[in-house]
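S.K.: My questions concern the predicted model and sequence given below.
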Amino acid sequence: MSKNLSLTEKIKKEDFILSSEVLNSLLQYLINEYKLYAPVKSEAKFAKVDNVNEIDLNYVSTILPPKKYFLPPIETIMNIQMRGFYSYVVKEPEVNEERIILFGVHPCDLNAIRLLDKILNKTYPDLYYSRKRDKTIIIALNCSAVDEYCFCTTFGRGPHAYEGYDLLLTKLKEGYLLEVGSKKGRELIKYSRLTPSPLTRTMKCKVMKEKTKIITKLEEKMRKKRIPNVETITEFLMENYGHDLWKSISERCLSCGVCNIVCPTCYCFDVIDKIGSNIKEIDRKRIWDSCLIPDFAEIANGENFRRDRESRLKHRIYHKLVYFFEQYGEVGCVGCGRCIRWCMKRIDPVEALKEVIKTPALG
Amino acid sequence: MNVYRPHLAIIEKIKQENDDTRTFSLRFIRKKIRDEFRFKPGQFNMISVFGFGEAPFSISSDPEIKGRFEHTIRRVGTLTNALFGFDEGHVVGVRGPFGNGWPLDKAKGKNLLLIAGGTGLISLRPAIYHIMRNRSEFGDVELLYGARSPSNLLFIDEHNLWARSKNFRMVLTVEKVSNGLKWDYEMGVITEHLDKIKTDNNPIVFLCGPEIMMKYTLKELMRLGFKKHQIYLSMERRMRCGIGKCGHCQIGPKYVCRDGPVFVYDDVENLPDKLL
């Protein structure tokens, strides 16, 4: 939003311009010294990279967001060993101490990680999340392209990053701008023994102008996908909970939960006990869960508080835009477009919202 | 500290309350955990039956008793079914307590009306113990307790003690009585007996039971002129973590595990996805 212009002025003394060659040697250094995870060319996903050439610097979006590295789709949280009859030893799984680098995270996913930190790292810290999160260095990559599903500008969360990164790259006409966002990022540059060109005053001006131009161009591309009056969306949705449109959209929903799976801010999980084949060991696992799936809100006696598709579909949209605001002081959608991009029935919450806004319910 | 770690607790005693409900008296094996464990009436624990998973259960015992605690559990699903196969001496996992509990401090110096439907009495029992122990802090207390039939009643051997105590009145009702069985108390559902409430002076109401029972009770209470801000109720939802992270227990913006399970009626009245 309007934040964009003022924030590009933040280019500091310790920010550099990297040529593609220097960037490649930085990446090579990271591959040698750390475990590097980045978007890859072979598939639309983040994966471990062993060769600089595998990295896709021009990707728009991956199927799964990088949250999978902190909150994996399935993860053992407790190991229970049976010792004799009805005697147990409860063990926490061993912790992998390795530091990882998450490279090429786009602003939407970066914001999503910031939101997940709010949920999982506060009050009762979730050790399984925070251990992995604390050991990760994030090198974000500002977008240089968007597709027809992207709508990060709606919530002011892109197409450029403002916070939450250790290092941030922006692709320029020639080379990349590298901005330092944290102590971890600063140290990484120091240890890599890079010799990037320092920015002169004139170059700074030029870079700022170029960055602003990229932002404006991308914002223009996403204009069609902009939700109007987003400042009052929370209040508006509260008043339109009973809008007829929700029912008609939900009639198309398959309750498959793919929107939850691909969402970078969906964090709900189920916990299951898996008994090993020797019947002596039990792995307690947590697995991603989906609020769109019928039994999500079912309790032991069979009562289900979101039995119909409409209430489940609405729960997801309202959680992101209304409840999240009440719980954490900001909306829980980052505009990555994944839930639209991957919906098998082409349900588009953004278009739905625009439609509801166009035809508000009376009273 | 890992909030997901269940602590081993031994089942010291099992008491059959009725056909499908038992009270399990538990004791943490580790002394440190045992000594540090405190709970407030209305709070719950996550109980693990290893191999079957974990679920939330209200604590049903006297909060003043240290070193052990009780869970009164009805056999309704896979996990409870497995638990009912356990004998005294067997071991479960427990983590907690979680949730806010009944706001007994708000009821100090006031009359108190407790309304329990079926297993709803389980969550209220620690509150009753608290009231009995600190009798002078509260005004008149009335318990309206309804069950399906006499054989479904819970904590029968304590009813006399409650009913006999000073300024404590108990209205007991069942929906049906099998032929030939002697029944000296009320008949019908709870809502039919709300007009028998004697307590006046704006009592604080604690309400717990199946959501559909709470729905009609609230409706009747509203008709009788009670105010929403004086009614507290305990909600039940699916839970996997107990600490506001797994997402299952959300009702609108509220996490039942973290913001509840006890809510003032004012705060839940307009929430979606509930029977109330």
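M.R.: Looks like it came in fine. For clarity, every value in this text was computed on a predicted model and none was experimentally measured.
S.K.: Contact residues of the stretch 1-150 of chain A facing chain B?
M.R.: A:77-78, A:80, A:82, A:86-88, A:90, A:92, A:119-120, A:123-128 (Cβ under 8 Å from any Cβ of the partner chain). From N, CA and C alone the C-beta is placed, and that goes for glycine too.
S.K.: Confirm for me that residue A:120 is in contact with residue A:129.
M.R.: Yes: counting by Cβ atoms under 8 Å, residue A:120 touches residue A:129, with 4.2 Å between them.
S.K.: what residues are shared contacts of the two?
M.R.: Any residue near both residue A:120 and residue A:129 by Cβ atoms under 8 Å, 6 or more residues apart in numbering or on different chains counts here, and that gives A:70-71.
S.K.: Weed out the non-buried ones from the residues of the stretch 1-150 of chain A next to chain B.
M.R.: Neighbour counting over the residues of the stretch 1-150 of chain A next to chain B (16 or more other Cβ atoms under 10 Å in any protein chain shown) leaves A:77-78, A:80, A:82, A:88, A:90, A:119-120, A:124, A:126-128 as the buried ones.
S.K.: Now secondary structure and pLDDT too, for these, in TSV please.
M.R.: Formatted as TSV, these follow (DSSP: H, G, I helix; E, B strand; the rest coil; pLDDT from 0 to 100):
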residue	secondary structure	pLDDT
A:77	strand	97
A:78	strand	97
A:80	strand	96
A:82	strand	90
A:88	strand	93
A:90	strand	96
A:119	helix	94
A:120	helix	93
A:124	coil	84
A:126	coil	94
A:127	helix	93
A:128	helix	94
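S.K.: Now do the same for the residue nearest to residue B:108 when sequence neighbours are not counted: its pLDDT.
M.R.: Excluding the flanking residues, the one nearest residue B:108 by Cβ to Cβ, 6 or more residues apart in numbering or on different chains is residue B:137, at 5.2 Å. We note a pLDDT of 95 for residue B:137 in this prediction.
S.K.: Please enumerate the helices of the chain.
M.R.: This is for chain A. A:3-8, A:20-33, A:107-120, A:127-134, A:183-192, A:201-221, A:233-239, A:244-250, A:258-262, A:309-318, A:324-328, A:338-341, A:349-358 (DSSP state H).
S.K.: that's the wrong chain, I meant chain B
M.R.: B:31-36, B:78-83, B:104-107, B:120-133, B:156-164, B:211-223, B:256-259, B:265-268.
S.K.: Distance to residue A:237 and mean pLDDT added to those, as JSON lines?
M.R.: JSON lines is the format used below for the helices of chain B (distance: least, Cβ to Cβ, whole Å; pLDDT from 0 to 100):
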{"stretch": "helix B:31-36", "distance to residue A:237": "44", "mean pLDDT": "97"}
{"stretch": "helix B:78-83", "distance to residue A:237": "36", "mean pLDDT": "96"}
{"stretch": "helix B:104-107", "distance to residue A:237": "33", "mean pLDDT": "95"}
{"stretch": "helix B:120-133", "distance to residue A:237": "33", "mean pLDDT": "97"}
{"stretch": "helix B:156-164", "distance to residue A:237": "47", "mean pLDDT": "92"}
{"stretch": "helix B:211-223", "distance to residue A:237": "25", "mean pLDDT": "96"}
{"stretch": "helix B:256-259", "distance to residue A:237": "20", "mean pLDDT": "96"}
{"stretch": "helix B:265-268", "distance to residue A:237": "19", "mean pLDDT": "96"}
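S.K.: Including distance to chain A and mean neighbour count, could those go into JSON lines?
M.R.: Shown next, in JSON lines, are those (distance: least, Cβ to the nearest Cβ, whole Å; neighbours: other Cβ atoms under 10 Å in any protein chain shown):
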{"stretch": "helix B:31-36", "distance to chain A": "12", "mean neighbour count": "12"}
{"stretch": "helix B:78-83", "distance to chain A": "7", "mean neighbour count": "18"}
{"stretch": "helix B:104-107", "distance to chain A": "23", "mean neighbour count": "16"}
{"stretch": "helix B:120-133", "distance to chain A": "13", "mean neighbour count": "23"}
{"stretch": "helix B:156-164", "distance to chain A": "23", "mean neighbour count": "12"}
{"stretch": "helix B:211-223", "distance to chain A": "7", "mean neighbour count": "18"}
{"stretch": "helix B:256-259", "distance to chain A": "8", "mean neighbour count": "23"}
{"stretch": "helix B:265-268", "distance to chain A": "12", "mean neighbour count": "18"}
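S.K.: Could you dump these into a markdown table and include distance to residue A:286?
M.R.: Output for the helices of chain B, formatted as a markdown table (distance: least, Cβ to Cβ, whole Å):
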| stretch | distance to residue A:286 |
| --- | --- |
| helix B:31-36 | 23 |
| helix B:78-83 | 17 |
| helix B:104-107 | 35 |
| helix B:120-133 | 27 |
| helix B:156-164 | 39 |
| helix B:211-223 | 27 |
| helix B:256-259 | 16 |
| helix B:265-268 | 28 |
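S.K.: right, and these - which one's nearest residue A:205?
M.R.: helix B:256-259 (49.9 Å; Cβ to Cβ).
S.K.: give me the number of residues near the nearest residue to residue B:81 once chain neighbours are set aside?
M.R.: Closest residue to residue B:81 in three dimensions, ignoring its sequence neighbours and counting by Cβ to Cβ, 6+ apart: residue B:75, at 5.9 Å. For residue B:75, the count of nearby residues is 15 (other Cβ atoms under 10 Å in any protein chain shown).
S.K.: most centrally placed residue in the chain?
M.R.: Let's take chain A. The centre of chain A sits closest to residue A:109, judged by Cα atoms, centre = their mean, with a distance of 2.9 Å.
S.K.: look at chain B instead
M.R.: For chain B, by Cα atoms, centre = their mean, the most central residue is residue B:123; offset 1.3 Å.
S.K.: my read: it touches residue B:58, true?
M.R.: Yes: contact status for residue B:123 versus residue B:58: in contact at 4.0 Å, counting by Cβ under 8 Å.
S.K.: any residues in contact with both of those two?
M.R.: Contacts common to residue B:123 and residue B:58, judged by Cβ under 8 Å, 6+ apart, are B:42, B:44, B:234.
S.K.: shouldn't the residue nearest to residue B:81 be in contact with residue B:17?
M.R.: No: Residue B:75 lies out of contact with residue B:17 (Cβ under 8 Å); the separation is 11.0 Å.
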